[in-house]
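> okay, here's the prediction I keep looking at, along with the sequence it came from:
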There are 2 protein chains.
Amino acid sequence: MTNINNIIDYINGSNDFVVTSHISPDGDNIGSTLSMYYSLKKLGKNVCYVLDDQMPLNMQFLIEGVEILKSSECDMKDYTLISLDCGDRPRICVSDEIKDNAVKLICIDHHASNEAFGDLNYIDVDASSTCELMYNVLVRMSEVNNIDFIDAKVATALYTGLVTDTGNFAYSNTHASSFEMAKELLIKGAKKDTVIQNVFQSNPYNYYKLLGEALNTLDIVDGKVASISITKEMLKENAISFNDLDGITPYTRDIQGVEVGILIKEKKENEVKVSLRSKNYVNVSEIAKVFGGGGHVRASGCTIFDSVENAKAKVLEQVLKTI
Amino acid sequence: MTNINNIIDYINGSNDFVVTSHISPDGDNIGSTLSMYYSLKKLGKNVCYVLDDQMPLNMQFLIEGVEILKSSECDMKDYTLISLDCGDRPRICVSDEIKDNAVKLICIDHHASNEAFGDLNYIDVDASSTCELMYNVLVRMSEVNNIDFIDAKVATALYTGLVTDTGNFAYSNTHASSFEMAKELLIKGAKKDTVIQNVFQSNPYNYYKLLGEALNTLDIVDGKVASISITKEMLKENAISFNDLDGITPYTRDIQGVEVGILIKEKKENEVKVSLRSKNYVNVSEIAKVFGGGGHVRASGCTIFDSVENAKAKVLEQVLKTI
C-alpha cells in the first residue's frame, strides 16, 4: 500500500489532474473531491473536476461557483486521474475514455470493498470518511509544502464529508481522530452551522409529506429487520428527487430491537436501489456484495434489477440468514 | 462569579451532599448529575441522588443500578445541595424542604436565564452543556486530587449530556471545545455506540406511528415559522409518554426557509408544554420568558396553561413579532 508521502511527492512532481468520485454523489464524495481540487489549484496545478451525475440539492451550497465538468467537456491531456471516495473502478463517475487515458490513477478511499485499484493508493477502511483521509493528506501536504491548504473553504468541504459519512458523528465509524479533525476544522474556519443547515435542516416541506408516506410502509420482520419502500410514484407525487432520499435510511434502523434497516428506493421500472444499515453485528457490506454492491460493515448499498416487491423479498432473504 | 477551584476546594472540605437537577429530566440533566454523583462517591463522600420526576425511557441504560431517591426518602443532615443543569431555583427537582435545609447551594449550569442563584456558582452560558462544565470541573478535580475521575462510566454519562444538548453536535452551541471533550471522552472509554443507540436509535415502533401523525399537524406560517401539535389523545393512542417527545422538536425547525420551530405538547387538560428552536437569528429564550419559561438563544421552553389551540396562537403571536 502506498503511503501518503508517495502520493504527495507524486502530486508535487506533476502538473495536470482530473479529480472525481463515485456515481450518486454524496457529501463525502463531493467534500473530498473539492478539498483535493482546491488544494491542487492552490499549488498552481491544472485541474479539472469531472463528474457525470446530478448533484444532490442539499450539496448545492458547497459547489456554488465551482466549475464541475461532464466527461465530454474535459479536454485535458497527459493527466493524472485522482479518484476520491470510490470503492471500485467501474463506479468512478467519468467516461471510460477519461479512465483509460490517464497516465496514472491515484485512489484515496475508505470503502471496505476497495481492492486498491489505483497505481497509487491511500486506503483506510477504518477511517470515518474519505474526507478524514484527505484531512490527513492535507495536514502532511501543508507541512511538506509549507502552505496552509486547510483554509475555511477546504475545512467546510472536509467537515461536510465527515458529518455526512458519520451521520453527524452518530455511526460507529466515528473515532477519537474524527473528533480531533472536527475540532481542528472548526478552528480553521469550517462553516459548521452552514453545513448542518444545508445538509440536515433544509428539507422542503414536501419531504416531510414523503417521509410520512414512507413511514406508512415501515415493515418489521422478526422484530430485528425493518424496511421502508419508496416507489417512483411517491417521489413523483411529492416532487422529491431520487438523489435526495439519504436522510430516510436511518429510520429503518433506529427502532428498538432492530439490527438491520433496509431502504428500498425505486429508481425506474425494474431498477431498485437498496441501502442497508446495521447496528451491532451484521456485516451489511457482505449482503450488498451478493447483489454486486458494496460499502461498509454498518452501511452499504446495491442495485437490484427487479420490482420493488421482488427486490425487497430477495434482500430480506439474505438479511434473515445473518440474524 | 465563583471559579472552578473554589467549588473544588469546598467539595474537598465537606462530607455530605445531595445532587440533583431540573424537572423533566433529559440527557444533560442526568449525565451531569451522575458524573458528580460518581465522583463524590470516588472521593469517599456521603452522597444522595434525589430527583422527584420520572426518568425518560431512553435514559434507563445510564441510570441502571444507580439509587435515585425521591425527596421523601432522603434523610441526610447538614448537606450541601449541588444543582446541576438547572436554570433557576424553583425548577430544582427536590422538595422545598431539601432546598431550604441545605447548608450551602452549589449551582453548575449553562442556561442563559440563570441568575447565579447558588452560594457557589459555575455558570457558562456559552457552554454546549452542563456536562461540558462538569468535564472541566472533573479535569481540574483530577489534577487537584491526583485521582482520575473521568473513568468509562463518568465518560459515558458526560458523553450522553454532550450529545443530547448539542443534538449530537448539530446545534450552534457545539464548539471546538465540545469536540476536544468528545475526543477525550472516547479515549477515556465512553461507550459512544451504547449512548447513540439508546438515546437516538431505540424508538419503539409506535413512536414512528406517532411521528407520522405529528407530521400531519405540521403547519407553516409565512414560510418561516413551523409548528407541530401533539395532543394527549395522540400520546395515549400510541402509548408514548409525554417525556419521550424530545426527538420530535427538530422536525419543526429543519425545514427549508424556516427560522423558528415550535413543538406544542399537551401534558394535561389546559397545560401545554412548548418547545422552541431557532436557526439563525431569533432569540427563543426571550420568547419563552414571556410565558415564564427560559433556556437558550436557539432552544428554549415554557409551559402555557391553556388549550393546545390557544397556546399555539399565543406563542405564534410572540414569534411573529421577531421574524
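That came in fine, so what should we check first? Numbers count the residues shown, from 1 in each chain, chains lettered A, B, ... in the order given.

> state the distance from the nearest residue to A:Cys107 once chain neighbours are set aside to A:Pro56.
Among residues not flanking A:Cys107 along the chain, A:Gly118 sits closest, at 2.9 Å (Cβ to Cβ, 6 or more residues apart in numbering or on different chains). The C-beta positions use only the backbone N, C-alpha and C, and glycine is treated the same way. To A:Pro56, A:Gly118 is 26 Å away according to Cβ to Cβ, to the nearest Å.

> one more: A:Thr194?
A:Thr194 is 16 Å from A:Pro56, by Cβ to Cβ.

> tell me where the model's unsure across chain A.
A:1-2 (pLDDT under 70).

> I'd like to know which residues of it are adjacent to chain B.
A:168-170, A:172, A:174-176, A:179-180, A:182-183, A:186-187, A:192-193, A:196-197, A:200-205, A:208-209, A:211-212, A:215-216, A:218, A:220, A:250-251, A:253-257, A:279-280 (Cβ under 8 Å from any Cβ of the partner chain).

> run a quick neighbour tally on A:Glu115.
A:Glu115: 11 surrounding residues under other Cβ atoms under 10 Å in any protein chain shown.

> which ones among the residues of chain A next to chain B map onto strands?
A:Ile220 (DSSP state E).

> report the buried members of the residues of chain A next to chain B.
A:168-170, A:172, A:174-176, A:179-180, A:182-183, A:186, A:192-193, A:196-197, A:200-204, A:208-209, A:211-212, A:215, A:218, A:250-251, A:253-256, A:279 (16 or more other Cβ atoms under 10 Å in any protein chain shown).

> how is chain A carved up into domains?
Per the record, chain A has its domains at A:4-199, A:205-322, by automatic domain parsing.

> for the stretch 51-200 of chain A, what spans make up the helices?
A:60-63, A:96-101, A:130-145, A:152-165, A:176-187, A:192-200 (DSSP state H, counting those that start in this stretch).

> just name the most buried of those helices.
Stretch with highest mean neighbour count among these: helix A:152-165 (a mean of 26; mean count of other Cβ atoms under 10 Å in any protein chain shown).

> alpha carbons only: can I get that helix in CSV?
Only the C-alpha atoms of helix A:152-165 are listed here, as CSV (Å, rounded to 0.1, in the frame of the first residue of the first chain):
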residue,chain,number,x,y,z
ALA,A,152,-12.0,27.9,5.6
LYS,A,153,-13.3,26.7,2.2
VAL,A,154,-11.4,23.4,2.4
ALA,A,155,-12.3,23.0,6.1
THR,A,156,-16.0,23.4,5.2
ALA,A,157,-15.8,20.8,2.4
LEU,A,158,-14.0,18.3,4.7
TYR,A,159,-16.5,18.9,7.5
THR,A,160,-19.3,18.2,5.1
GLY,A,161,-17.9,14.8,4.2
LEU,A,162,-17.1,14.0,7.8
VAL,A,163,-20.7,14.7,9.0
THR,A,164,-22.5,13.0,6.1
ASP,A,165,-20.5,9.8,6.3
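
> and it, what does it pack against?
helix A:27-42, helix A:60-63, helix A:130-145, helix A:176-187, helix A:192-200 (3 or more Cβ pairs under 8 Å, 6 or more residues apart in numbering or on different chains; DSSP states H and E).

> just the buried residues of the first one, please?
In this case it means helix A:27-42. Those would be A:27-40, A:42, for helix A:27-42 by 16+ other Cβ under 10 Å.

> ok, so of these, who is nearest chain B?
Among the buried residues of helix A:27-42, A:Gly27 lies closest to chain B (Cβ to the nearest Cβ), at 14.1 Å.

> which one is that closest one nearest to, not counting chain neighbours?
That would be A:Thr164: by Cβ to Cβ, 6+ apart, it lies 2.8 Å from A:Gly27.

> separation between the one you found and chain B?
12 Å (Cβ to the nearest Cβ, to the nearest Å).

> ditto for A:Thr20
A:Thr20 is 29 Å from chain B, by Cβ to the nearest Cβ.

> check A:Phe61 too.
Taking Cβ to the nearest Cβ, one finds A:Phe61 at 12 Å from chain B.

> right, and that residue touches A:Asn198 too?
Yes - between A:Phe61 and A:Asn198 there is a contact at 4.3 Å, judged by Cβ atoms under 8 Å.

> for A:Leu235, give me its contacts.
A:Leu210, A:Ser241, A:Phe242, A:Leu245, A:Glu266 (Cβ atoms under 8 Å, 6 or more residues apart in numbering or on different chains).

> the last one bridge partners, please.
Read that as A:Glu266. Beta-bridge partners recorded for A:Glu266 (DSSP bridges): A:Val272.

> quick one, what contacts the nearest residue to A:Thr160 once chain neighbours are set aside?
Of all residues beyond its chain neighbours, the one nearest A:Thr160 is A:Gly31 (4.2 Å), with distances taken as Cβ to Cβ, 6+ apart. Counting by Cβ under 8 Å, 6+ apart, A:Gly31 touches A:Leu62, A:Ser129, A:Thr130, A:Cys131, A:Met134, A:Ala157, A:Leu158, A:Tyr159, A:Thr160, A:Gly161, A:Leu162, A:Thr164.

> now A:Ala127
Counting by Cβ under 8 Å, 6+ apart, A:Ala127 has contacts A:His110, A:Leu133, A:Asn173.

> could I have stretch A:7-23 exported to CSV, CA atoms only?
Taking Å, rounded to 0.1, in the frame of the first residue of the first chain, the C-alpha atoms of stretch A:7-23 are listed here in CSV:
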residue,chain,number,x,y,z
ILE,A,7,1.2,10.5,-3.2
ILE,A,8,2.3,14.0,-2.1
ASP,A,9,5.6,13.5,-3.8
TYR,A,10,3.9,12.4,-7.0
ILE,A,11,1.4,15.3,-6.9
ASN,A,12,4.2,17.8,-6.3
GLY,A,13,6.1,16.4,-9.3
SER,A,14,3.1,16.5,-11.8
ASN,A,15,1.1,19.3,-13.4
ASP,A,16,-2.2,18.1,-14.8
PHE,A,17,-5.0,16.4,-12.9
VAL,A,18,-8.6,15.3,-13.2
VAL,A,19,-10.4,14.8,-9.9
THR,A,20,-13.5,12.8,-9.5
SER,A,21,-15.5,10.5,-7.3
HIS,A,22,-18.3,7.8,-7.4
ILE,A,23,-21.7,7.9,-9.1
